[in-house]
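J.: Quick one, what's the 3D model for this:
(one chain, ligands or ions: 1)
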Amino acid sequence: MWRTWEALADLVLARECAACAVPGATLCPACRADLQAQRYAVPREVRPIPAPPGLPVVVASARYAGAMRRTIVAFKDEGRSDLGRLLAPLLSGALRLLLSDLAGPVLVLPMPSSAAATRRRGDRPVLTLARRAGRDLGGARAGPLSESAPGSVPMTGHIVAALTTGRRVADQSHLGAQARAANLSGAYAVTRRHTEVVRRHPVVLVDDVVTTGATLAEASRAVREVGGVVLGAAVIAATERRHACRTADEGALWPG
Ligand SMILES: [Zn+2]
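T.: Numbering: from 1, shown residues only. Predicted structure coming up:
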């Protein structure tokens, strides 16, 4: 029903390509092809160089470049919620890889938006994406994902909005790795009402992009602070020039 509505909205509303602004479609054919070109053949482990202390295993589905970068920016910052259905499968692919070897219940924690960004946008884009990715994963090996009520016993891969921004953080898009880590120290916290469930079940973090890894490392610190365990992080895309990539069959590191 929802997909039908979205397809209809594509036809009725005046759309332009989110990546190059040519009128007519959510993404024009050229940008759609470039989006595909930025995808890895399979989701893979990525590692920033240098990796910040405490960064868990990170799995990404694509390079943060070209149409992929512009699509993610348009979804997050330009109100293009129609792009969620293109991006969510990339997140669910990374999540599937992280969850595939796990048997027990796992909490999926979306990275929080700042309070200012939430006010400006009126929603939380990473949480929205995580919910869509969860629907994509329904019936997969990882088991159904669903929103978990606070205090209830989670099944494998329950999405819980348990992370919050602990204190005000400056815009860090132009900061280097060390400055980001300092800027972020204490930036995230586990909400009080979710402390117990986070302590009792292992956690997988979800974000749109990994750059230096500083935000994921800081969120991991917040989870550990309440006695929780972070198994890994799933992201859509990685800024590759700062990363080494590792594939399961080669098991080696090389500059991305
Ligand atoms: Zn385009």
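J.: Which parts of the stretch 101-250 of the chain are strands?
T.: 107-110, 158-159, 163-165, 188-190, 203-210, 230-238, 243-246 (DSSP state E, counting those that start in this stretch).
J.: If you average pLDDT over each of these, which is lowest?
T.: Among the strands of the stretch 101-250 of the chain, strand 243-246 carries the lowest mean pLDDT, at a mean of 54.
J.: Can you give me the first-to-last residue distance of stretch 41-60?
T.: Stretch 41-60 has its terminal residues 11 Å apart, counting by C-alpha to C-alpha, to the nearest Å.
J.: chain center to that stretch: distance?
T.: Distance of stretch 41-60 from its chain centroid, counting by C-alpha atoms, centre = their mean, to the nearest Å, is 13 Å.
J.: that older thread, which of the strands of the stretch 101-250 of the chain sits closest to residue 60?
T.: strand 230-238 (4.0 Å; C-beta to C-beta). Every C-beta, even on glycine, is put in place using the N, C-alpha and C of the backbone.
J.: Output the contacting helices and strands for that closest one.
T.: Packing partners of strand 230-238 (3 or more C-beta pairs under 8 Å, 6 or more residues apart in numbering; DSSP states H and E): strand 58-63, helix 66-77, helix 84-99, strand 203-210, helix 214-225.
J.: Taking helix 214-225 as reference, get the angle to it.
T.: 160 degrees (axes from the mean of the first three to the mean of the last three C-alpha atoms, to 10 degrees).
J.: Mean neighbour count and distance to residue 135 added to the strands of the stretch 101-250 of the chain, as TSV?
T.: Conversion of these to TSV gives the following (neighbours: other C-beta atoms under 10 Å; distance: least, C-beta to C-beta, whole Å):
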stretch	mean neighbour count	distance to residue 135
strand 107-110	27	13
strand 158-159	22	10
strand 163-165	20	21
strand 188-190	24	25
strand 203-210	24	14
strand 230-238	26	15
strand 243-246	19	28
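J.: mind checking the SS state of residue 42?
T.: Here residue 42 is recorded as strand under DSSP: H, G, I helix; E, B strand; the rest coil.
J.: Tell me which of the strands of the stretch 101-250 of the chain sits nearest to the ion.
T.: When those are compared by C-beta to the ion, strand 230-238 sits nearest the ion, at 17.5 Å.
J.: What pairs with that closest one, parallel or antiparallel?
T.: strand 58-63 (parallel), strand 203-210 (parallel) (DSSP bridges).
J.: Need the residue closest to the centroid of the protein.
T.: Nearest to the geometric centre of the chain sits residue 207, at 2.2 Å (C-alpha atoms, centre = their mean).
J.: how close does that residue sit to residue 102?
T.: 19 Å (C-beta to C-beta, to the nearest Å).
J.: Look at residue 212 and say how many residues are nearby.
T.: 25 (other C-beta atoms under 10 Å).
J.: So it sits against residue 48, correct?
T.: Yes: at 5.4 Å, residue 212 counts as touching residue 48 under the criterion of C-beta atoms under 8 Å.
J.: Contacts only, for residue 89.
T.: Taking C-beta atoms under 8 Å, 6 or more residues apart in numbering, we find residue 89 in contact with 133, 136.
J.: One more: residue 188?
T.: Counted by C-beta under 8 Å, 6+ apart, residue 188 has contacts 111-112, 163-166, 215, 218-219, 221-222.
J.: Which one (most neighbours) among these?
T.: residue 219 leads the contacts of residue 188 on contacts (other C-beta under 10 Å) with 28 neighbours.
J.: If we ignore the residues flanking it in sequence, what's nearest that one?
T.: residue 188 (4.8 Å; C-beta to C-beta, 6 or more residues apart in numbering).
J.: any idea whether residue 20 is helix, strand or coil?
T.: What three-state DSSP gives for residue 20 is coil.
J.: circling back: the residue nearest to residue 219 and residue 230, how far apart?
T.: The value you get for residue 188 to residue 230, if C-beta to C-beta is used, is 12 Å.
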